[in-house]
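Visitor: model the following, please.
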Amino acid sequence: VICEGDELVVNFKNDVDGRMTNADGSTNTTTLHFHGIREKSRPWSDGVPFVTQCPIQPGDPTFHYGFNASEIDGAPPGTYWYHSHVGSQRTNGAYGALVIKERVPDASIVDDAANTLVLQEWYESSTNQIPVSILINGKGRVGEKKLFCEDDETLNYLKGKGGNCQYITNEDFPDSFSTNYAEFDVEKTTSYRFRIIGAISQNFPLQLSIEDHKFTAIAMDSLDIEPVPDLTNVWLAAGERYDIVVQTKTSVPEKAYKIKILGYADINHKLSPLCSIAWLKYPNQKIDYTYVTPYDCSGFDNSSDLSFSRTLNPVPNNYAEWEGSPGNGKIFIKDIKSTKNQPTINLDNLANLNTHYIEFIGDITFNNRRMKYPDVPFLLQNPENKTDRCGSKCDLRVGKTANHFPYLYTNCSDFPECPANAGSSEEEYCKCQHVIQQPWAPGYWAETVLINNNKDHTAAHPIHQHGGWYWVVGMGKYNKTINRKFIMDEDKKNLLNRTFAYAPAKDTLQIPQNGYAIIRTPLDNAGAWIFHCHINYHVEIGMAMVLQIGEQGGKHPLDGQDWCTGPLEQNTACKTPPPSPKGGPGFINWFFGMEPAHRCVKPGTKVTWLWVNKDHN
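Guide: Numbers count the residues shown, from 1 in each chain. Here you go, the predicted structure:
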């Protein structure tokens, strides 16, 4: 917890031992990313390996992360979080809450950072990829039965399509528990702010409700929104945050209330549920410490009772719910307004410099491309090495209106395309360094249309942008199959509606299946910013690209295009190679005397063993 205006400095030292296993095949490298912080003055502190820095090795010098909790670094008061950006370390618990408090808080609301709920599904081990419990601030219990999936269904779950799992007896179910559920103490007739963080790993969105209480949402992804009152439920996907206000009761029963958390291994069909609770406790209420959530989560889903429930941010996978919102009690992001307007977002129809259309082709790619990371991080290349790049580069130009007022515009050209990997039904995508390069142009914006074609019932991918928020100016959903060409044709016909007034800001957004989202990003933060699906399996196999704002080491007609690289060395290759976009470890690091470690390798995959300690023979 820090306060508005504070300077945060984290002296980060890697002491991870040889027992740690990363999904990308590396043994014990790591980084630190502050999720939601713009890092406007220090893009080298964003914590993304092979994008803004090399992964930190054991024994490396201390890495100094940090930011200023103000507009200097684009970090206003709000709810953020931090996590490792290497392999499965986030899944394995390398994360935490980050709260920036206002210097002058709202006196009518109790805003105690202790009332923060960090939600994550929990896995028994790094080799068991189906969750068996849900953690709230690291606390939870396992049920008497647990979910089990066959290998094919586990892969479907990881791909975001949902796993058809069964319940099996939990041999580890104890006679008594040494762990308890999280507890939150409240007083009567008082307004409390609760901060909810979706530290979710895979495609496992979680729904929160509070027994016999309604609440009001006042912020999402750190920034204020017009209050959404009388809510009974709120859903969070991986990376999302919501702040809610709970007005407590004047009279209460003897037993404490349950804060209920519910998710599904197959969210598209609401199959294979998993649930947990925290306790909301008034003075003199009693907690039943013998309580364990039912393994089938009976009584946890109240969202189907349309006469009672109002649900914020439901997973956008139901066309009828989408079309009937918000009158049907389902409030999607398209129905939300920000408390602040962005005056330049569409100024004179000149503020948007260009529009890119990105389709999730093959369901885990951006425009049929998977990210192939460079040996030298994008941010640290000077001049830039564009040999293996795909995507586009938009050059800045100066024009004049009919009234002779100057304005900026761009001329965009594509990098050479790389061919798909023909001959393999599983590798019909291109592996390249996918970059969309924009100019640094404060006051101007770049627009992206994200298209989810819903191939084989894929996920409503939660797309996260580093380097700051984007503003959601349009969303839509169809009851038929769509693709990039269809959406581009619809846009040419002016059939994609855009609403600029008080558009909501997000840094992580679920894109509706058979639908699209139109987002606009301000071009005021020079650097190389990763843009990726926040489902861990998806980003690990390359569902990512880089939004580059500015250009390092080039000749520019306008000033300000370079960015700061801080104390980091430029043009130096990382000690370990970048991860493979094939979705499995294409290499395995090892060294003399390392602890036993397990690597899951797909049959038929070529594996290279790398000896990382050259001091031993």
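Visitor: so which residues of the stretch 51-200 of the chain form strands?
Guide: 63-68, 78-83, 95-101, 116-122, 133-136, 145-148, 166-169, 183-185, 191-198 (DSSP state E, counting those that start in this stretch).
Visitor: among these, which comes closest to Cys418?
Guide: strand 78-83 (30.8 Å; CB to CB). To be clear about C-beta, it is placed using only N, CA and C from the backbone, and glycine gets the same treatment.
Visitor: and the closest one with strand 63-68, angle?
Guide: Strand 78-83 and strand 63-68 are oriented at 170 degrees to each other (axes from the mean of the first three to the mean of the last three CA atoms, to 10 degrees).
Visitor: got a list of contacts for strand 78-83?
Guide: Applying CB atoms under 8 Å, 6 or more residues apart in numbering, the contact partners of strand 78-83 are 32-37, 89-90, 94-100, 116, 118, 195-197, 199, 219, 222-223, 241, 243.
Visitor: and Asp348, helix, strand or coil?
Guide: Classification of Asp348 using DSSP: H, G, I helix; E, B strand; the rest coil returns helix.
Visitor: now do stretch 332-346: distance to the chain's middle.
Guide: Put simply, stretch 332-346 sits 20 Å off its chain's centre (CA atoms, centre = their mean, to the nearest Å).
Visitor: before we move on, the earlier item: any chance of the strands of the stretch 51-200 of the chain in a markdown table, with mean neighbour count and distance to Lys330 too?
Guide: Compiled in a markdown table, those are given as follows (neighbours: other CB atoms under 10 Å; distance: least, CB to CB, whole Å):
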| stretch | mean neighbour count | distance to Lys330 |
| --- | --- | --- |
| strand 63-68 | 20 | 36 |
| strand 78-83 | 22 | 23 |
| strand 95-101 | 20 | 28 |
| strand 116-122 | 22 | 21 |
| strand 133-136 | 22 | 23 |
| strand 145-148 | 20 | 27 |
| strand 166-169 | 12 | 29 |
| strand 183-185 | 17 | 27 |
| strand 191-198 | 22 | 18 |
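Visitor: those strands into CSV, with extra columns for mean pLDDT and distance to Asn302?
Guide: Shown next, in CSV, are the strands of the stretch 51-200 of the chain (pLDDT from 0 to 100; distance: least, CB to CB, whole Å):
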stretch, mean pLDDT, distance to Asn302
strand 63-68, 96, 40
strand 78-83, 98, 25
strand 95-101, 98, 27
strand 116-122, 98, 18
strand 133-136, 98, 17
strand 145-148, 95, 22
strand 166-169, 95, 22
strand 183-185, 98, 20
strand 191-198, 98, 17
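Visitor: among the ones you listed, which comes closest to Phe215?
Guide: Closest to Phe215 of the strands of the stretch 51-200 of the chain is strand 191-198 (CB to CB; 7.6 Å).
Visitor: out of the strands of the stretch 51-200 of the chain, which gets nearest to Gly467?
Guide: Among the strands of the stretch 51-200 of the chain, strand 63-68 sits nearest to Gly467 (CB to CB), with 12.1 Å.
Visitor: please compute how far stretch 384-397 lies from its chain's middle.
Guide: Worked out by CA atoms, centre = their mean, stretch 384-397 lies 25 Å from the chain centre.
Visitor: for it, buried residues please.
Guide: By 16 or more other CB atoms under 10 Å, the buried positions in stretch 384-397 come out as Glu384, Asp388, Arg389, Cys390, Gly391, Ser392, Lys393, Cys394, Leu396.
Visitor: can you check stretch 275-293 too?
Guide: By neighbour count on 16+ other CB under 10 Å, the buried set for stretch 275-293 is Cys275, Ser276, Ile277, Ala278, Trp279, Leu280, Lys281, Tyr282, Gln285, Val292, Thr293.
Visitor: ok, now how distant is the fifth one from Gly140?
Guide: Note on Trp279: its distance to Gly140, by CB to CB, to the nearest Å, is 12 Å.
Visitor: any common contacting residues for those two?
Guide: Tyr181.
Visitor: out of the buried residues of stretch 275-293, the closest to Phe173 would be?
Guide: Among the buried residues of stretch 275-293, and counting by CB to CB, the member closest to Phe173 is Val292, at 8.6 Å.
Visitor: nearest spatial neighbour of that closest one, skipping sequence neighbours?
Guide: Residue nearest to Val292 in three dimensions, not counting chain neighbours: Arg141, with 5.4 Å by CB to CB, 6 or more residues apart in numbering.
Visitor: and Asp395, what is it in contact with?
Guide: Thr410, Asn411, Cys412, Ser413, Pro439.
Visitor: ok, which pair from those is furthest apart?
Guide: Within the contacts of Asp395, Ser413 and Pro439 form the most distant pair, 13.2 Å apart (CB to CB).
Visitor: so where's the protein shaky on pLDDT?
Guide: 18-27, 304, 306-307, 420-427, 455-456, 554-560, 582-617 (pLDDT under 70).
Visitor: tell me where it has helices.
Guide: Counting by DSSP state H, the chain has helices at residues 151-159, 319-324, 484-492, 536-540.
Visitor: how many residues are close by Gln552?
Guide: 20 (other CB atoms under 10 Å).
Visitor: am I right that it is in contact with Gln381?
Guide: Yes. Contact criterion CB atoms under 8 Å: Gln552 and Gln381 qualify, at 6.6 Å.
Visitor: ok, the closest residue to Asp6 other than its chain neighbours - contacts?
Guide: Leaving aside its sequence neighbours, Asp6 sits nearest to Ala69 (CB to CB, 6+ apart; 4.8 Å). By CB under 8 Å, 6+ apart, the contact list for Ala69 reads Ile2, Cys3, Glu4, Gly5, Asp6, Glu7, Leu8, Ala75, Pro76, Pro77, Ile100.
Visitor: stretch 132-148: end-to-end distance?
Guide: Stretch 132-148 has an end-to-end distance of 9 Å (criterion: CA to CA, to the nearest Å).
Visitor: and stretch 344-354, by the same measure?
Guide: Using CA to CA, the two ends of stretch 344-354 sit 15 Å apart.
Visitor: on that earlier part again, report the contact partners of the residue nearest to Val292.
Guide: Ser133, Phe177, Thr179, Tyr181, Ser276, Val292, Thr293.
Visitor: how far away is the fifth one from Ala573?
Guide: Translated: Ser276. According to CB to CB, Ser276 and Ala573 sit 44 Å apart.
Visitor: equivalent analysis for the second one, please.
Guide: Between Phe177 and Ala573 the distance, using CB to CB, works out to 49 Å.
Visitor: how about His464?
Guide: From His464 to Ala573 the distance is 27 Å (CB to CB).
Visitor: more neighbours: which of those two?
Guide: Using other CB under 10 Å, the more surrounded residue of His464 and Ala573 is His464, with 24 against 12.
Visitor: the more buried one and Cys533 touch, don't they?
Guide: Yes. At 7.5 Å, His464 counts as touching Cys533 under the criterion of CB under 8 Å.
Visitor: leaving aside the residues next to it on the chain, what's closest to Ile244?
Guide: Spatial nearest neighbour of Ile244, chain neighbours left out: Phe215 (4.4 Å); criterion: CB to CB, 6+ apart.
Visitor: count the neighbours of the one you found for me.
Guide: When neighbours are counted by other CB under 10 Å, Phe215 comes out with 25.
Visitor: and it, how far from Leu280?
Guide: Distance from Phe215 to Leu280, by CB to CB: 11 Å.
Visitor: Tyr429 now?
Guide: Applying CB to CB, the value for Tyr429 to Leu280 is 47 Å.
Visitor: cool, Ile331 as well?
Guide: Taking CB to CB as the measure, Ile331 falls 23 Å from Leu280.
Visitor: before we move on, what about Ala573?
Guide: Taken as CB to CB, the span from Ala573 to Leu280 is 52 Å.
Visitor: got it, and Asp562?
Guide: For Asp562, the distance to Leu280 - CB to CB - is 51 Å.
Visitor: for Ile261, which non-adjacent residue is closest in space?
Guide: Ser276 (4.8 Å).
Visitor: surely the one you found and Pro131 touch.
Guide: No. Judged on CB under 8 Å, Ser276 makes no contact with Pro131 at a distance of 10.5 Å.
Visitor: tally of neighbours for Pro326?
Guide: Quick note: Pro326 (other CB under 10 Å) scores 15 neighbours.
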